[in-house]
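A.B. asks: Sequence plus predicted model, see below.
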Amino acid sequence: MLFGKEKRVRLNRSMEKKNDMDPNLDFLEKEKKFTFLKELKKEFPKSEVYLVGGAVRDLLLGRPVEDYDFIVRKVGAKDLEKFLAAHGAVILVGRTFGVFKFIPKGGDKRKPFEIALPRRDFAFGTGGYRDVEIQSDPNLPIKEDLARRDFTVNAMTIKLEKARGKWQIIDPFNGQKDLEKKIIRAVRNPGERFKEDYSRMLRGIRFACQLSDFSARGGRGMGWQIEEKTWQAIKKNISSLNKIARRVELVKDGPKVEQEVIETRVVPYEVIAKEFLKSFYYNPVRAFDLYDQAGAFKEFMPEILTMKGCPQPKNWHSEGDVWAHARLCLEKLSSKEFKKQFGNEPASTELILAALFHDLGKPFTIKIPAKDGVDRIRFNEHDIVGAEIARKICRRLKLSNPEDFGVDPEKVGWLVEHHMLLVQSDISRMRPGTIEKYFFNPKNPGQDLLKLFFADISATIPETGQSDFTEFRQMLERIKELKQLSPSKKELPKSILNGHEIMKKFDLKSSQLIGQLKAILREEQLSGRIKKKKEAIDFLEKTLTSLKGG
């Protein structure tokens, strides 16, 4: 985090007093990773360097800055590349349009800076985020570069050269006013901005979620809204996320030459996945509402909409239909009660998706008394059905792809499949080995399963108005009892004997029998009946004798 509390307060107060803020950029002169900026000015005295994009927005909001983008004017592409190579590592070089990914000496290899020349974009009109011709020009006015950007709050820049002792904020599209009003507004004509790149619609939704999330942690973000014209343009163009581009290629098959039609998505699922997951990670309920209201669910996740109007027994679910329950479940992931139980760490993306999908099987399994002759509304095996639908959605949308926010479809499916465990089991009689399998196996997200139980129960409001946590508390007590068996009281004890030790001690070869013996011994250990190695050996000797029938 770049700013301490004192500096954030100073920035925010300046924001309240006047529209032109005076950000503190002392860190650019103090931190080693930014020393290349001074060297650039020395080598190219006429150069102009600008901090642009999200970094400016976050500085003015007092948010921690994660990515730094710079524009360099009045230096040619070859000269700039040569300079950067001498002061760090240049990767993913976009020589043809003057964009460089740069890791300065002393910088973080995981977070390279983007250094670019001023650019113009010429979109081909397909809406594809890569279907654009980029022309760089070291002498292009900085305002023309800003005009190509998506939203006003991202179309500001700070010239890294003080005038009258102050940094110069260049803000041709009134981004500072929109920051104060907490508005996401497209630069100039929103319809044109989105037709240049349809994925910008999801970016706009993501910013509304991300900035609102920041407010919940003490920053200036509460109530971020998408400006009306921008919002209407999103709803009008949202179906374009599924556009297919077609091109004809000539394919030679021996002496024959045939035409082959190649189809590709204008907006790849990988891009949709990135924005979708970020939105739900930062603010699940806000994302749920905006994706629904914009029509995004209808376009690429229509299964979700089947929860609307799907009834539930009112004596258990006075909160409403399955849709209302799913939304409330997402809301409970950030409730005071949830944080009191599990701490302030944000919910994982996999947990958020599991909360979204956990009852997705209900519309597909519902049985109604009047129609199906059952005693009440039932959703038999909705957990199993919903888990498979959840896995299919994750795979179809390639939700495992984004590096920072990607999910494991199998883990999401596992959470959905087992979210009814407390209801379907007699917890007092559950074997210790079974509890270990669900909550202590590193291959399974056991802690997230406990969190899903809690959120689901919290969102299940019977007619009495009081959610029932009886089974949840019983499970916590069983888990606590097992942890007491270890010296640290925080985890399960290690197995007394492993497979190799059993094979060596009893002169056995590798087989299924070894696994059986390990499982039987582990059950005895977790039940507290065996605590020492000699006890384990004696027990296995008797077990082997019994298995041999002697």
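C.D. replies: Structure's in. What do you need?
A.B. asks: quick one: contacts for Tyr438?
C.D. replies: 418, 421, 444, 446, 449 (Cβ atoms under 8 Å, 6 or more residues apart in numbering). Every C-beta, even on glycine, is put in place using the N, C-alpha and C of the backbone.
A.B. asks: Show me the two of these that sit farthest apart.
C.D. replies: Pairwise distances across the contacts of Tyr438 peak at 11.6 Å for Leu421 and Asn444 (criterion: Cβ to Cβ).
A.B. asks: how far out from the middle of the chain is the helix or strand harbouring Leu540?
C.D. replies: Element membership for Leu540, per DSSP states H and E: helix 533-548. Chain-centre distance of helix 533-548: 49 Å, with Cα atoms, centre = their mean, to the nearest Å.
A.B. asks: So which other helices or strands are in contact with that helix?
C.D. replies: With contacts taken as 3 or more Cβ pairs under 8 Å, 6 or more residues apart in numbering; DSSP states H and E, helix 533-548 sits against helix 499-506, helix 512-526.
A.B. asks: burial of Arg429, as a residue count?
C.D. replies: 7 (other Cβ atoms under 10 Å).
A.B. asks: Likewise for Arg246?
C.D. replies: Count around Arg246 with other Cβ under 10 Å applied: 8.
A.B. asks: my guess is it contacts Arg265, does it?
C.D. replies: No - if you go by Cβ atoms under 8 Å, Arg246 and Arg265 don't touch, sitting 11.1 Å apart.
A.B. asks: who touches the helix or strand containing Trp231?
C.D. replies: Using DSSP H and E, Trp231 sits within helix 228-237. The contact list for helix 228-237 (Cβ under 8 Å, 6+ apart) reads 127, 151, 184-186, 190-191, 193-195, 198, 201, 204-205, 226, 293-295.
A.B. asks: what bits of the stretch 1-150 of the chain have low per-residue confidence?
C.D. replies: 1-22, 92-97, 121-134 (pLDDT under 70).
A.B. asks: List the buried residues in the longest helix anywhere in the chain.
C.D. replies: Ranked by residue count under DSSP state H, the longest helix found in the chain is helix 199-216. Neighbour counts using 16 or more other Cβ atoms under 10 Å place 199-215 of helix 199-216 among the buried residues.
A.B. asks: try stretch 500-512
C.D. replies: Buried-residue list, stretch 500-512, by 16+ other Cβ under 10 Å: 502-503.
A.B. asks: model confidence over that stretch, on average?
C.D. replies: Averaged over stretch 500-512, pLDDT sits at 90.
A.B. asks: and if you look at stretch 157-177?
C.D. replies: 90.
A.B. asks: tell me how far the ends of it are from each other?
C.D. replies: Using Cα to Cα, to the nearest Å, the end-to-end distance of stretch 157-177 comes to 14 Å.
A.B. asks: Now list the buried members of the contacts of Tyr438.
C.D. replies: Of the contacts of Tyr438, these count as buried by 16+ other Cβ under 10 Å: 418, 421, 444, 446, 449.
A.B. asks: which ones are touching the second one?
C.D. replies: Going by Cβ under 8 Å, 6+ apart, Leu421 touches 438, 449, 453.
A.B. asks: so how far is Met301 from it?
C.D. replies: 26 Å (Cβ to Cβ, to the nearest Å).
A.B. asks: try the fourth one
C.D. replies: Taken as Cβ to Cβ, the spacing of Gly446 relative to Met301 amounts to 27 Å.
A.B. asks: try Lys534
C.D. replies: 58 Å.
A.B. asks: Kindly report the same for Phe83.
C.D. replies: From Phe83 to Met301 the distance is 46 Å (Cβ to Cβ).
A.B. asks: Those two: which has the busier surroundings?
C.D. replies: Phe83 (22 against 17).
A.B. asks: Could you chop the protein up by domain?
C.D. replies: Domain assignment for the chain, taken from automatic domain parsing, gives 5-181, 318-483, 499-548.
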